[in-house]
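> need the 3D shape of this:
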Amino acid sequence: MRVKLFEIAHARSGDKGDTSNIGLIARRPEFYPVLLEEVTPERVKAHFADLCRGEVERYELPNLDALNFLLHESLGGGGTVSLRSDAQGKTYSTALLRMEIELPEALAGLIGRN
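Next up is the predicted model:
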């Protein structure tokens, strides 16, 4: 079944120069393997195609059930020189959570449970 990431994860984002940093954290440990499979650097790059001009790197944090993404060249030069309304990438986490992924039917019953 197709779901938006916000149904199985939460996220935080920020910046370092012209690179946006997005942390994506599974709401339940059972969702982490789905994030690993579905949320690839290539898919994140495509999701931010209009904003990210550089490489997308992914770091896996299995002890936290989380992924960390670096979106290089995605902030129009960075906070001090960018003319973008979000020069620090604070809304990038919300934008990523709108990405749709495939969730196995067997995990659908876990959505909304703590």
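> can you show me the strands along this protein?
2-4, 9-16, 19-26, 56-61, 66-71, 100-102 (DSSP state E).
> in JSON lines: these, plus mean pLDDT and distance to residue 92.
C-beta here means a position set from N, CA and C on the backbone, and glycine is covered the same way. Listed next are the strands of the chain as JSON lines, based on pLDDT from 0 to 100; distance: least, Cβ to Cβ, whole Å:
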{"stretch": "strand 2-4", "mean pLDDT": "97", "distance to residue 92": "15"}
{"stretch": "strand 9-16", "mean pLDDT": "88", "distance to residue 92": "4"}
{"stretch": "strand 19-26", "mean pLDDT": "95", "distance to residue 92": "5"}
{"stretch": "strand 56-61", "mean pLDDT": "98", "distance to residue 92": "12"}
{"stretch": "strand 66-71", "mean pLDDT": "97", "distance to residue 92": "7"}
{"stretch": "strand 100-102", "mean pLDDT": "97", "distance to residue 92": "17"}
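> looking at those, which is closest to residue 111?
Evaluated over those, closeness to residue 111 peaks at strand 2-4, with 7.1 Å, by Cβ to Cβ.
> now do the lowest-mean-pLDDT helix or strand in the chain: which elements does it pack against?
Across the helices and strands of the chain, mean pLDDT, DSSP states H and E gives its lowest value to strand 9-16, namely a mean of 88. With contacts taken as 3 or more Cβ pairs under 8 Å, 6 or more residues apart in numbering; DSSP states H and E, strand 9-16 sits against strand 19-26, helix 92-97.
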